[in-house]
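**Q** sequence unknown, structure follows:
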């Protein structure tokens, strides 16, 4: 069965610096894969290569078997790939509801239907459901910029899920979130995963979050894969411990 | 839009309709100029304020529209057809110019439009067989629409005002649609917008092409308004002026162009005191405005209002800008 | 053939001047995201500084020094502190518009406060015609070429062989990385502005004897700088040099072989073609944005 995401021998160099060195991964449908590694191990660069933000120096990316290396992020998104960002990227001037409608509107119809159709692109109900799912109902009409950090994180995730993606890449979703919010976030991610059988790939620093959420973990250091396996095994892996302590 | 804003707009609308009955012909000419240039400014505001691209060719598009009408209507083409032709031609040219220029990150559109403006000027000046070169084209007739003769100053003003109203409503509607949300997204955070499936290139190109066609439509009215057009009227100076009008009024604000053009049209009258130094004062003023209130006059009014409301009622002033 | 050599030589001379202007422009963009639309006026102005100094009684060589110093002060330091730094906070767009306004300000001010007439400007060497093979070449073109070549070579040495130059390059390639490596980034950015001021001053002194010092010079020279920078590759200093030379040669050749009415159109068409077919320019790399 073809993997949802297949990364083959990805290599990315910036001038003389090798950020990602011959990394290969296969992510079957329904898996929640965690990617860990110290700062500078190439996790974000790898993400950016998969997501079309960067052009890899070598290697291939396949989504559902289809070659997507270097495809533009908006085209990837329409294939069913979504992402969240490490640095918060909601649209502060729009309301929570409008943020979600925006997240969904480009997935249906055409430019023309968007111009001549309804102002909410028919997505008010879908947005409402997503808002309920993430427990943001009391904030529906608030400007996204006035939400707390944790609430914005939830909104960020909601936006990524709005188009019903098959594959979601989450870039440090737990960063800067307090413990209660963290629990809520993790629980919502699990719920979405269970409901839709979506596939997740998560970059994360916080070990507890990774242990609780992921079904498999890959550890990177200096641009290379140094270990792969179940979360509890990775945690005890000497090479991984060394990589973290060495920094 | 707030109630206060709504009242202001209503007052302005009434003033606009009543004004020609209280003004001498020169005054009517001024407000007709205001109406026509506002159409061009609305177009540039789309490109600059909503899609975040610098176009230095809006004046050239006004020129293309003006010459299209000036050449077609005396040849017997009905005004309405020439009008639409001007708009479509400029849309197509905008698309062709923008398509390659917007593939790259760096504000290449600014340079391409600058080059285009110079090219248009050269063609208008050199191709005398078509454009009469530096001698220009005089006497473009004011249209007769279904029996309504617009040759009188007041009648033609109402034609301009009516066209402005219709085009503004069309633009308002576009901005209320999902397109408006897309424009905001691509202006605020294009990377995030891309990751949500938003084709930023397509939307930017659309904004530029539509903005350019509005310039052409403005030009179509400009020719019968001033009744003498020549290449120099549409050089870089006009493009730059339109740019300043959009900024001074408040770029990205729906009513910005109306205010910006009004100030610019009345300014030469006010600045008669500075004599020849008017351009210097204008350019210096723009730089000062950019430093102290980059959101333009309307942004300044908005900020003052929030400050006043804060002092009076104690509601905290929000620090981000206003939206439509 | 003879006239072709003449055109080639004068084309190289013009191209070398364009190269100087384009290099400064590219460096500013690389190090500080400054798209300086007033670059043309920056080249127009120093000649007037020199003329003003001469009117005040200074001999030519002294006036040149004064001109370069004023350029560094006003077009380098003042420009950075008063225009660029305050505007960069709001992003690239307001800065670009500011420089457009600045170009207008400089142009009109020169017209109103100095003169709207073209002013003769002393040449570096007396204009004698020299015979090279069959062709008649002006010593002026040769002198311009010599000075420009010396400047470009020195610039290259500065950027590639000195520690200061390498730090400036590092800042231009990747400021964040440079900062981590200990490069004093803010100072390097300042130096770029000063360097640009020197380059435009030299270009000004080289070009004004030929075109006369006129307040409208900025329009064509600025356009030439933008086109040269884009054609060569917006993010490459070497590209700017190559672009400038190509543009200068093509410009001179087209003036001879294409109708003079459309002479100014040729560089513009080159620009549009390059952007259509190879937007990253001849030597540029396609840039990427990562998160």
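**A** Yes, it's here. In this text, all values refer to a predicted model and were calculated from it rather than measured experimentally.
**Q** let me know the helix or strand that residue A:235 is in.
**A** helix A:231-236 (DSSP states H and E).
**Q** mind checking what helix or strand follows that helix in sequence?
**A** The helix or strand immediately downstream of helix A:231-236 is helix A:238-245, counting by DSSP H and E.
**Q** list the buried residues in that next one.
**A** Under the neighbour-count criterion of 16 or more other C-beta atoms under 10 Å in any protein chain shown, helix A:238-245 has A:240, A:243-244 buried. C-beta: built from backbone N, CA, C; applies to glycine.
**Q** which stretches of chain C form strands?
**A** Applying DSSP state E to chain C gives strands spanning C:129-132, C:135-138.
**Q** now those in TSV, with mean pLDDT and mean neighbour count?
**A** Shown next, in TSV, are these (pLDDT from 0 to 100; neighbours: other C-beta atoms under 10 Å in any protein chain shown):
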stretch	mean pLDDT	mean neighbour count
strand C:129-132	72	10
strand C:135-138	73	17
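**Q** settle this for me: residue B:193 is touching residue B:182, isn't it.
**A** Yes - using C-beta atoms under 8 Å, residue B:193 is in contact with residue B:182, at 7.3 Å.
**Q** can you tell me how far the closest residue in space to residue C:80 that isn't next to it in sequence sits from residue A:239?
**A** Distances taken as C-beta to C-beta, 6 or more residues apart in numbering or on different chains place residue C:193 nearest to residue C:80, at 4.5 Å, with adjacent residues excluded. As judged by C-beta to C-beta, to the nearest Å, residue C:193 and residue A:239 stand 49 Å apart.
**Q** ok, now residue B:22?
**A** 86 Å.
**Q** now do residue A:160
**A** With C-beta to C-beta as the criterion, residue A:160 and residue A:239 are 32 Å apart.
**Q** just residue B:160 next, same as before
**A** Distance of residue B:160 to residue A:239, computed by C-beta to C-beta: 75 Å.
**Q** flag every buried residue along the top helix by length along chain B.
**A** Counting residues, the longest helix in chain B under DSSP state H turns out to be helix B:200-226. Residues of helix B:200-226 classed as buried: B:200-201, B:203-226 (neighbour count, 16+ other C-beta under 10 Å).
**Q** which of the buried residues of helix A:238-245 lies closest to residue C:199?
**A** For the buried residues of helix A:238-245, the residue nearest residue C:199 by C-beta to C-beta is residue A:243; the value is 47.8 Å.
**Q** and the closest one, what's its pLDDT?
**A** In this model, residue A:243 is scored at 78, pLDDT.
**Q** try the one 3 residues further on
**A** As summarised for this prediction, residue A:246 has a pLDDT of 58.
**Q** SS state for the residue nearest the centre of chain B?
**A** By C-alpha atoms, centre = their mean, chain B has its centre lying nearest to residue B:41, at 1.2 Å. Following DSSP: H, G, I helix; E, B strand; the rest coil, residue B:41 is assigned to helix.
**Q** and the helix or strand encompassing residue B:123 with helix B:200-226, angle?
**A** Taking DSSP H and E as the definition, residue B:123 sits inside helix B:108-126. Inter-element angle recorded for helix B:108-126 and helix B:200-226: 30 degrees (by axes from the mean of the first three to the mean of the last three C-alpha atoms, to 10 degrees).
**Q** so after helix B:108-126, what's the next helix or strand?
**A** helix B:128-131.
**Q** could you give the number of residues near the closest residue to chain B within the stretch 151-291 of chain C?
**A** The stretch 151-291 of chain C approaches chain B most closely through residue C:268 (4.0 Å), counting by C-beta to the nearest C-beta. Counted by other C-beta atoms under 10 Å in any protein chain shown, the residues lying close to residue C:268 total 21.
**Q** ok, now which ones touch it?
**A** When contacts are counted by C-beta atoms under 8 Å, 6 or more residues apart in numbering or on different chains, residue C:268 touches B:115-116, B:118-119, C:223, C:227.
**Q** now those residues as a markdown table including pLDDT?
**A** Listed next are these as a markdown table, based on pLDDT from 0 to 100:
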| residue | pLDDT |
| --- | --- |
| B:115 | 88 |
| B:116 | 91 |
| B:118 | 88 |
| B:119 | 90 |
| C:223 | 87 |
| C:227 | 89 |
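**Q** of those residues - the most surrounded one?
**A** The most crowded member of the contacts of residue C:268, judged by other C-beta under 10 Å, is residue C:227 (27 neighbours).
**Q** now that one. Nearest residue, chain neighbours left out?
**A** What sits nearest to residue C:227 in space, not counting adjacent residues and going by C-beta to C-beta, 6+ apart, is residue C:271, at 4.6 Å.
**Q** hmm, that neighbour is touching residue B:115, no?
**A** Yes - between residue C:271 and residue B:115 there is a contact under C-beta under 8 Å: 5.1 Å.
**Q** need the overlap of contacts for those two.
**A** residue C:227.
**Q** what's the worst-scoring helix or strand of chain A on mean pLDDT packed up against?
**A** Lowest by mean pLDDT, DSSP states H and E among the helices and strands of chain A is helix A:238-245, with a mean of 79. Secondary-structure packing of helix A:238-245 (3 or more C-beta pairs under 8 Å, 6 or more residues apart in numbering or on different chains; DSSP states H and E): strand A:216-221, strand A:224-229.
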